[in-house]
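J.: Just a sequence and a predicted model for now, questions to come.
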Amino acid sequence: MEKIRVYSHSACLSKENGEGHPERKERLESVLESIQMIDDRSIEIKEAPLAQFKEINLVHPQPYLEEIFSMIPSHGLVGVEKEPYADTLLCPESKEAILRACGSGISASKDLMDGSSKRVFCAVRPPGHHAETSRVNGFCFLNNAAVAARFLQSRYKIKKVAIIDFDVHHGNGTQEIFYEDDTVLYGSIHQHPLFPGTGLETETGVGNIFNAPIEAGTSSEAFLKTFKEKILVHVDHFKPEVIIISAGFDAHKRDPLATINLNSEDYFTMTQDIIEIANRHSKGRVISFLEGGYDLLALSESIQSHFKGLSL
């Protein structure tokens, strides 16, 4: 059984989005409580550090960062997107939360490469997979998974990284960042049509992008079959040196933002399949980032299933 290292920080609980917003601190509280309920001494929780600008600049240019941070209010909330998606918000505590969320992936990358842990889960918010190179989007400011991938390539000369995204929403940011880069495979299964509207099968990059859009109401069995046949087959063929997971839990049947019918146990099945590929090609090295998931009970149960898979 593999040890799982978890990175989180209290600053990630301080990020506010206002009353009624689905991306709320209770999500992360539920995740952390669920992790602490797992009766397993092989889980270690550590504080996420602040990401440094030079690390973030591997993906996001400095003027973009300066623009975001210059908009942070001294009180209240400020929206950073135009209508109709004016729900990506900054609050006074945003900067530290954003930098800690991104910094978790930097520490996770170091852990993988120095051999201190093969499995790392980043229990952080705000999430990241909608953030493009220079565009805030979908509750996301920095693309945490993308920065980790670029850091691995820059610091450790990792040649091939696979990013697997099973959030119910397509990770348009991750796709945009790596669309013309065959050193990174991006595979996403997601409901379509649904926000953000991207992620068609015809969006293939330079042969490194694999999208599996699924219809509303898709069953658990059909989802898992599609995930294997349209995502994991390509990851296996790619033979990545490291696998990064954008782990959204909003394809769960209880989730209020989508209409896919996964059960909590299905996240074990998906994670188990990913770990098999990681053990075959990646020396078992996996970083998983919390993305979406907006029903607290579903999130709590699904996290436990995910961890069961990560520990294999």
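T.: All right, it came through fine.
J.: what about the helices in this protein?
T.: With helices called from DSSP state H, the chain shows them at 11-14, 25-37, 53-56, 62-70, 94-114, 144-156, 172-178, 220-227, 233-238, 266-281, 296-310.
J.: In JSON lines: those, plus distance to Leu200, mean pLDDT and mean neighbour count.
T.: Bear in mind the C-beta positions are built from the backbone N, C-alpha and C, glycine included. Converted to JSON lines, the helices of the chain look like this (distance: least, Cβ to Cβ, whole Å; pLDDT from 0 to 100; neighbours: other Cβ atoms under 10 Å):
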{"stretch": "helix 11-14", "distance to Leu200": "33", "mean pLDDT": "98", "mean neighbour count": "20"}
{"stretch": "helix 25-37", "distance to Leu200": "29", "mean pLDDT": "97", "mean neighbour count": "17"}
{"stretch": "helix 53-56", "distance to Leu200": "29", "mean pLDDT": "98", "mean neighbour count": "17"}
{"stretch": "helix 62-70", "distance to Leu200": "27", "mean pLDDT": "98", "mean neighbour count": "14"}
{"stretch": "helix 94-114", "distance to Leu200": "28", "mean pLDDT": "98", "mean neighbour count": "24"}
{"stretch": "helix 144-156", "distance to Leu200": "21", "mean pLDDT": "98", "mean neighbour count": "25"}
{"stretch": "helix 172-178", "distance to Leu200": "11", "mean pLDDT": "99", "mean neighbour count": "25"}
{"stretch": "helix 220-227", "distance to Leu200": "14", "mean pLDDT": "98", "mean neighbour count": "16"}
{"stretch": "helix 233-238", "distance to Leu200": "16", "mean pLDDT": "98", "mean neighbour count": "17"}
{"stretch": "helix 266-281", "distance to Leu200": "22", "mean pLDDT": "98", "mean neighbour count": "20"}
{"stretch": "helix 296-310", "distance to Leu200": "27", "mean pLDDT": "97", "mean neighbour count": "22"}
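J.: do you know which of the ones you listed lies nearest Val78?
T.: Nearest to Val78 among those is helix 94-114; the distance by Cβ to Cβ comes to 9.0 Å.
J.: helices or strands next to that closest one in the packing?
T.: strand 4-8, helix 11-14, helix 53-56, strand 119-122, helix 144-156, strand 286-290 (3 or more Cβ pairs under 8 Å, 6 or more residues apart in numbering; DSSP states H and E).
J.: what sits against the residue nearest the centre of the chain?
T.: Nearest to the geometric centre of the chain sits Ser246, at 2.8 Å (Cα atoms, centre = their mean). Taking Cβ atoms under 8 Å, 6 or more residues apart in numbering, we find Ser246 in contact with 128-129, 145, 163-167, 171, 174, 188, 289, 291.
J.: try Ala145
T.: With Cβ under 8 Å, 6+ apart, Ala145 has these contacts: Gly105, Gly128, His129, Ile163, Gly171, Thr174, Ile244, Ser246, Ile287, Phe289.
J.: so how far is Ile189 from the nearest residue to His192 once chain neighbours are set aside?
T.: Among residues not flanking His192 along the chain, Pro213 sits closest, at 3.4 Å (Cβ to Cβ, 6 or more residues apart in numbering). Per Cβ to Cβ, to the nearest Å, Pro213 is found 8 Å from Ile189.
J.: Likewise for Gly115?
T.: 31 Å.
J.: what about these two, which has more around it?
T.: Neighbours around Gly115 and Ile189, counted as other Cβ atoms under 10 Å, are more numerous at Ile189. The numbers are 29 against 9.
J.: Could I get the contacting residues of that one?
T.: Residues in contact with Ile189, defined by Cβ under 8 Å, 6+ apart, are Asp165, Phe166, Ala212, Ile214, Phe223, Thr226, Phe227, Lys230, Ile231, Ala251.
J.: How about Leu89?
T.: Here Leu89 is in contact with Glu16, Asn17, Gly18, His21, Leu77, Val78, Gly79, Val80 (Cβ under 8 Å, 6+ apart).
J.: Of these, keep whichever come out buried.
T.: Applying 16 or more other Cβ atoms under 10 Å to the contacts of Leu89, the neighbour count classes Glu16, Asn17, Val80 as buried.
J.: Any idea how many residues pack against Glu229?
T.: For Glu229, using other Cβ under 10 Å, the count is 11.
J.: again, but for the one 10 residues further on
T.: Residue crowding around Lys239 was assessed by other Cβ under 10 Å; the count is 13.
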